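Asker: below is the sequence, then the predicted model.
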Amino acid sequence: MPIRFFNTLSGKVEEFRPLDEGRVRMYTCGPTVYDYAHIGNFRTFVFQDILRRHLKYRGYQMLHVMNVTDVDDNTIRNAQAAGLPLRDFTSQYIEAFRVDRMLLNLEDPELVVRASDHVDDMVKVIQTLVERGFAYESDGSYYFRVKNFPEYGKLSKIDFSGMRAGARVDADKYDKDSARDFALWKAAKPGEPAWNTPLGPGRPGWHIECSVMSMKYLGETFDIHSGGSDLIFPHHENEIAQSEAATGKPLARYWLHAEHLIVNGEKMSKSLGNFYTLRDLIAKSYKPSAIRYLLASVPFRKPLNFTFEGLHQAEQSLDRLRNFNYRLKMEKFPPGESSALAERARAAQSEFEAALNDNLNTAEALAAIFNLIRDGNTAMDQGEFHQGDRPLFSDVLTRWDRIFAVLEDNDYDKLRKAGFIQEHRAESSVPQPVPDGQGTLRAEILSDQEVETAIREREQARHGGDYARADQIRQQLLEAGIVLEDTKVGTRWKRK
RNA sequence: GGCGCGGUACCCAAGUGGUAAGGGAGAGGUCUGCAAAACCUUUAUGCGGGAGUUCGAUUCUCCCCCGCGCCUCCA
């Protein structure tokens, strides 16, 4: 079955066929590293992760390049405010972004590249654009001459032909021939970082980095380019202009754009107080896997309305998935197998695969797996689920999770790895959350060993008929964030 | 104003020219020392509003209303 994507360039859903059989070259616009990435950014990055995971699932070898913008007005401003050299400042947020990706189970792209490492390459491309008549110098800055690139607007579908230069913007404010022209290279200003290059001292404009780095690592034409919908114009439109003017070849064949995340129906902004980073949500005790689930559950071309109720619902849904997975692994089933269940499992597999092939319809892919879970649970309750059915169900779940990556309950391991929580050390006192003074949370948690000791004590109380004591222990553990469930095969525990 | 994405039950959210997936929440029931988990039943004659096309529209067309985004450096 072919994969179909909505291509912003054509405005239609199209069958996906990469240039090289079996291999996909993809470029995605990563963050500007002047602060922690926010959940709106991660909506797009989770979409891109689902995209690459599905392509891999379909057997494609990926060459995925993600850029990091580490030189622009924002990074320069914040680095100065922090009193740090630009590179040191941005390196901190590149590292924070790496940790956030780890927490959200985002696969690492094959290459993550920094704009500031490619200034020489950018200079060469700008020189080419000058030679070809697409760029000009003015006061030490270089601009792209939009009117020489007639296809300008083909991605964003903006028709510029009727607009007169200077009609909207006071042209005198700029040293540009036309208000629409955009900067390729910005002349050095006092107090700002600058590179000494054949173009003169200065720093790159925003768009040129992506043209240059994609060309360098993926070639002049590659398969997929993606980012948030706000990048369609001007960023991606300008990339197309620069790249195609320089090479004479199409830049990317499929353009995929994620719609924005909004919060409570409003745009997320710092002034509205509804602006959240991943760390903000972790500090409120939400699990990264639930955040990933929520961000993945709405197909990428739909606006995603983020609410805390929605996040809570995602947690509940995730529990349902994991409960079934646990039951599948741990419960004892009668020998034999059922051909009806085998058929059911394979049907669910083809349903979720078809949903993802259809422009990454994650909502439908979720429905397919929940239907399977209900049928599996029902069969188990009725004693009709057999040992021989286990491997197939397990296989389908595992396949599904190659895309969604939420099944394994390893949030605490990851939070510990990130340094956000630590195990409880003292013997007597109850673990306490400890704010670390940076808006994140370092909480102490009970160790696995402590939990298991308490569970053994409760088991003894239960066998002795001392239910009051058993319930007390269960309550104490609950207050420490540990949930107990008595099953046929013993007591299961999990972290809330 | 231009371009784009949306408006489906209490909440989130699929989908189709032929009569509304899935998840959460609520209610009742089964199971269990209790709880939790799980299962069963149940919750939209209805898919923003109006008109049209059609045997038939939530799905197509037109108009209108509302939300969100972009329109020079925001994922």
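Answerer: It's in.
Asker: near RNA strand B, which residues of the stretch 301-450 of chain A are found?
Answerer: Applying Cβ under 7 Å from any atom of the strand, we find that the stretch 301-450 of chain A lies next to RNA strand B at A:301-305, A:307, A:309-310, A:312-313, A:316-317, A:319-320, A:323-324, A:327, A:358, A:361, A:363-364, A:366-367, A:370-371, A:373-374, A:377-378, A:380-381. C-betas here are computed from N, CA, C, even on glycine.
Asker: now, of the residues you listed, which are buried?
Answerer: If you count burial by 16 or more other Cβ atoms under 10 Å, the buried members of those come out as A:301, A:304, A:317, A:324, A:327, A:358, A:361, A:366, A:373, A:377, A:380.
Asker: among the residues you listed, which lie within helices?
Answerer: Taking DSSP state H, the ones among these that sit in helices are A:317, A:324, A:327, A:366, A:373, A:377, A:380.
Asker: contact partners for the nearest residue to residue A:184 once chain neighbours are set aside?
Answerer: By the measure of Cβ to Cβ, 6 or more residues apart in numbering, the closest residue to residue A:184 outside its immediate chain neighbours is residue A:142, 4.5 Å from it. For residue A:142, the contacting residues are A:126, A:130, A:135, A:136, A:183, A:184, A:185, A:199, taking Cβ atoms under 8 Å, 6 or more residues apart in numbering as the criterion.
Asker: name the nearest residue to the fifth one, ignoring sequence neighbours.
Answerer: If I follow you right, that is residue A:183. residue A:205 is the one closest to residue A:183 (Cβ to Cβ, 6+ apart), at 3.8 Å.
Asker: my read is residue A:249 is in a strand, agree?
Answerer: No: read with DSSP: H, G, I helix; E, B strand; the rest coil, residue A:249 is coil and lies in no strand.
Asker: surely it touches residue A:215?
Answerer: No: checked against Cβ atoms under 8 Å, the pair residue A:249 and residue A:215 is beyond contact range at 9.8 Å.
Asker: more neighbours: the two, which one.
Answerer: In terms of neighbours (other Cβ atoms under 10 Å), residue A:215 is the more surrounded of residue A:249 and residue A:215; the figures are 21 against 11.
Asker: does the more buried one count as helix, strand or coil?
Answerer: Secondary structure of residue A:215, reduced to three states by three-state DSSP: helix.
Asker: for the closest residue to it other than its chain neighbours, list the residues it contacts.
Answerer: Sequence neighbours aside, residue A:243 is the residue nearest to residue A:215 in space, at 6.4 Å (criterion: Cβ to Cβ, 6+ apart). For residue A:243, the set of contacting residues under the criterion of Cβ under 8 Å, 6+ apart consists of A:211, A:214, A:215, A:220, A:251.
Asker: one more pass at 7 Å, please.
Answerer: When the contact criterion is Cβ atoms under 7 Å, 6 or more residues apart in numbering, the partners of residue A:243 are A:211, A:215, A:251.
Asker: same deal with residue A:226?
Answerer: Here residue A:226 is in contact with A:28, A:48, A:51, A:256, A:257 (criterion: Cβ under 7 Å, 6+ apart).
Asker: please repeat the previous calculation with a cut-off of 6 Å.
Answerer: For residue A:226, the contacting residues are A:28, A:48, A:256, taking Cβ atoms under 6 Å, 6 or more residues apart in numbering as the criterion.
Asker: how confident was the prediction at it?
Answerer: At residue A:226, the pLDDT value in this model is 95.
Asker: so it sits in a strand?
Answerer: Yes: Residue A:226 sits within a strand when classified using three-state DSSP.
Asker: where do the helices sit along the stretch 351-496 of chain A?
Answerer: Remark: helices of the stretch 351-496 of chain A, listed N- to C-terminal, are A:362-381, A:390-404, A:411-417, A:448-463, A:467-479; assignment by DSSP state H, counting those that start in this stretch.
Asker: export these as JSON lines, with columns for mean pLDDT.
Answerer: Rendered in JSON lines, the data for the helices of the stretch 351-496 of chain A read as follows (pLDDT from 0 to 100):
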{"stretch": "helix A:362-381", "mean pLDDT": "95"}
{"stretch": "helix A:390-404", "mean pLDDT": "96"}
{"stretch": "helix A:411-417", "mean pLDDT": "90"}
{"stretch": "helix A:448-463", "mean pLDDT": "92"}
{"stretch": "helix A:467-479", "mean pLDDT": "91"}
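Asker: so which of the ones you listed comes closest to residue A:195?
Answerer: For residue A:195, the closest of those is helix A:411-417, at 36.4 Å, according to Cβ to Cβ.
Asker: where does the residue nearest to residue A:184 sit: helix, strand or coil?
Answerer: Following three-state DSSP, we place residue A:142 in the strand state.
Asker: for residue A:91, give me its contacts.
Answerer: Residue A:91 makes contact with no residue under the criterion Cβ under 6 Å, 6+ apart.
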